[in-house]
Structures are given as C-alpha cells and as structure tokens.
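Visitor: With the input below, show me the fold.
(one chain, ligands or ions: 1)
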Amino acid sequence: MLKVEHIGIAVRSLSDAIPLYEKLLNTDCYKQEPVDSEAVITAFFKKGETKIELLEATAPESAIAKFIDKKGEGMHHIAFEVADIYAEMERLKGEGFVLLNEQPKKGADNKLICFLHPKGTAGVLIEICQEIR
Ligand code: CMX
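Guide: Residues are numbered from 1 along each chain as shown. Model prediction:
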C-alpha cells in the first residue's frame, strides 16, 4: 500500500454536496464521472496528495443507495493506492481478507479497483486502487 488515495463519502445529492464541499475545502470539484457498473456518479476534490470522492447513487440497487438507506449519508470507504493491484489482491487473500471482487474492476478516475469486506476490516470498507497505465 502506497498511500491513502481517496476517502469516499456517500451523499444523497451531488448538487447539494458539491457546493458544500467546495466551501469546506475551499477548492473546486475537478471532475464528475459516472461509474455505470457501480450505479454511481462520483465527484472529486483534491487537497495535497489526497482526494475526496463524493458518491451519489443512480439506482436503488447501488451499494451507495443501500448504505444511505441503512446508515444515512457519511463516510463510505477509504481507498489505498497500490503499485500492483493483482499482487496486492493475492497478498491480501493470502492474509485471509475477503475480497469483494475476484478480478479488479474499472473504477472512476482511471483506476482499477478492488474492495475488501468491511466485516473483516474492523467495520471499514477498504478499497485498493491502481492507476491504469
Ligand atoms: N462501510 C462499513 N460497513 C458497511 C458498508 C460500508 N461502506 N456497507 C455495508 N456495510 C455493512 C452493513 O451495514 C452490514 O453490517 P451489519 O451486518 O452489521 O448490518 C454489513 O456491512 C454487510 O452488509 P450486507 O447487508 O451483507 O451487504 P450489503 O448489501 O450492504 O453490501 C458491501 C455491503 C460492502 C458488501 C457492498 O456495499 C459492496 O460490495 N461494496 C463494494 C462496492 C461499492 O461499495 N461500490 C460503490 C462505490 C464505487 C466506487 O467507489 O466507484
């Protein structure tokens, strides 16, 4: 793991949350991007090396819609950047972590991503991500 790449925050409405986070962070949202396979629209902010990703669901079956129904808006996941996602997935599997996808998926912001089940990570949904080169 190289660093915290981003923190994901589940929101009901990007049109409400984007101006709020622009004020909070005193910086503009630099990108909005849909990820159809996850049924979300993402919005990104950058502060130093770390990004904040706001996530709005686009369908009731989206992980974000289910999360908000259950817990309300809030911190959804922490994403760590890795140099080689395939090697890191093997390593984590070997350590007994439960991977939520067997193969890396295409995520937002030009990344390959994989999630670990929060039950095995002290209640925090962890994402690992690698820049697509
Ligand atoms: N953080 C911490 N705990 C979470 C969680 C989250 N983000 N999402 C769900 N949970 C908890 C649930 O509350 C539940 O806890 P309890 O059993 O104590 O009630 C437990 O995890 C299991 O939940 P579940 O009902 O069995 O499963 P869900 O249908 O809620 O799915 C999860 C949970 C993590 C497996 C699913 O959300 C998933 O596969 N996530 C990975 C994909 C994803 O999150 N995509 C959206 C972001 C995409 C992006 O960043 O581009």
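Visitor: Just the terminal-to-terminal distance for stretch 43-58.
Guide: End-to-end distance for stretch 43-58: 13 Å, by Cα to Cα, to the nearest Å.
Visitor: For it, give the mean pLDDT please.
Guide: Regarding stretch 43-58, the rounded mean pLDDT is 96.
Visitor: just stretch 2-18 next, same as before
Guide: pLDDT averaged over stretch 2-18 gives 97.
Visitor: for that stretch, which positions count as buried?
Guide: Under the neighbour-count criterion of 16 or more other Cβ atoms under 10 Å, stretch 2-18 has Glu5, His6, Gly8, Ile9, Ala10, Val11, Leu14, Ala17, Ile18 buried. Yep, even glycine has a C-beta here, placed from its N, CA and C like the rest.
Visitor: What is the nearest of those to Phe80?
Guide: Glu5 (6.3 Å; Cβ to Cβ).
Visitor: which residue sits closest to the closest one in space, ignoring its chain neighbours?
Guide: Glu81 (3.9 Å; Cβ to Cβ, 6 or more residues apart in numbering).
Visitor: Bridging across strands, which residues link to the one you found?
Guide: Lys3, Cys129 (DSSP bridges).
Visitor: among the buried residues of stretch 2-18, which are in helices?
Guide: Leu14, Ala17, Ile18 (DSSP state H).
Visitor: which of the buried residues of stretch 2-18 come close to the ligand?
Guide: The residues of the buried residues of stretch 2-18 that also fall near the ligand, by Cβ under 6 Å from any ligand atom, are Gly8.
Visitor: Going by distance to the ligand, which of the buried residues of stretch 2-18 wins?
Guide: Gly8 (5.2 Å; Cβ to the nearest ligand atom).
Visitor: I'd like the distance from stretch 38-45 to the chain centre, please.
Guide: 8 Å (Cα atoms, centre = their mean, to the nearest Å).
Visitor: hmm, back to that, can you put the buried residues of stretch 2-18 in a markdown table and add distance to Ile52?
Guide: Formatted as a markdown table, the buried residues of stretch 2-18 follow (distance: Cβ to Cβ, whole Å):
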| residue | distance to Ile52 |
| --- | --- |
| Glu5 | 11 |
| His6 | 6 |
| Gly8 | 8 |
| Ile9 | 7 |
| Ala10 | 12 |
| Val11 | 11 |
| Leu14 | 12 |
| Ala17 | 10 |
| Ile18 | 11 |
